[in-house]
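Peer 1: prediction below, plus the sequence it came from.
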Amino acid sequence: MKKTEIPGSNRSDIHHIIHPIAPFYDKDSEILILGSFPSVKSREQMFFYGHPQNRFWRVIAQVFADEVPVTVPDKKAFLAKHHIALWDVIASCDIKGSSDASITNAVPNDLSRILDSADIRGIFVNGKTAEKYYIKFSENMTRRKAVCLPSTSPANAAWSMEKLVEAWSEVTK
């Protein structure tokens with residue numbers, strides 16, 4: 001993972017980071033869920049939604065009435081079982097820690113590698129930042145709208161687990 005101080009910045013806490021996690025998908029994927037950019041914890045674990053306070057895995061497990069996966073191999077098995085592809089909209093950016101609000105100089109991921117390999121019936125974005133960058137970078141290339149679901153981030157405290165599960169049930173329709 002490349003991490004450098006931004007030239008001309010007095011803030012050494014902002015770094016240019018290249019997305020280090022490969023997309024998760026296979027030919028049987030039907031649902032594509034996109035985040036914005038992986039958190040520090042996710043980058044450390046080298047898999048998506050690695051922060052223990054992020055509710056993604058608990059929400060998606062309830063949506064599919066399944067056990068919450070804990071390990072990375074369990075998470076990959078869960079995604080494959082439920083035909084879910086997982087990636088992020090942004091390939092690289094300048095970012096402070098895990099703060100979506102601090103993202104600048106974003107470069108998009110090429111989603112065609114997933115869309116050309118699997119029959120994706122729905123694209124969903126996890127939160128408003130992912131939606132913003134999907135619309136800015138990806139919507140014209142994919143020619144597909146994405147459904148914006150409420151962020152599972154702990155920063156989105158206004159949404160209870162119950163409300164998140166209800167909203168995220170959209171992925172099963």
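Peer 2: In hand now; what should we look at? Numbers count the residues shown, from 1 in each chain.
Peer 1: list of residues touching the longest helix seen in the chain?
Peer 2: In the chain, taking DSSP state H as the definition, the longest helix is helix 72-81. If you take CB atoms under 8 Å, 6 or more residues apart in numbering as the criterion, helix 72-81 is touched by 24, 26, 28, 45-48, 57, 60-61, 64, 66, 69, 84-86. For the C-beta atoms, the positions are set from N, CA and C on the backbone; glycine is no exception.
Peer 1: among the residues you listed, name the ones in strands.
Peer 2: Counted as lying in strands by DSSP state E, out of those, are 84-86.
Peer 1: kindly reformat the residues you listed as a markdown table containing neighbour count, distance to residue 105 and pLDDT.
Peer 2: Below are the ones in strands among the contacts of helix 72-81 laid out as a markdown table (neighbours: other CB atoms under 10 Å; distance: CB to CB, whole Å; pLDDT from 0 to 100):
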| residue | neighbour count | distance to residue 105 | pLDDT |
| --- | --- | --- | --- |
| 84 | 20 | 29 | 98 |
| 85 | 24 | 26 | 98 |
| 86 | 24 | 24 | 98 |
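Peer 1: closest to residue 103 among those?
Peer 2: Of all those, residue 103 sits closest to residue 86, with 19.1 Å by CB to CB.
Peer 1: distance of the closest one from residue 148?
Peer 2: To residue 148, residue 86 is 16 Å away according to CB to CB, to the nearest Å.
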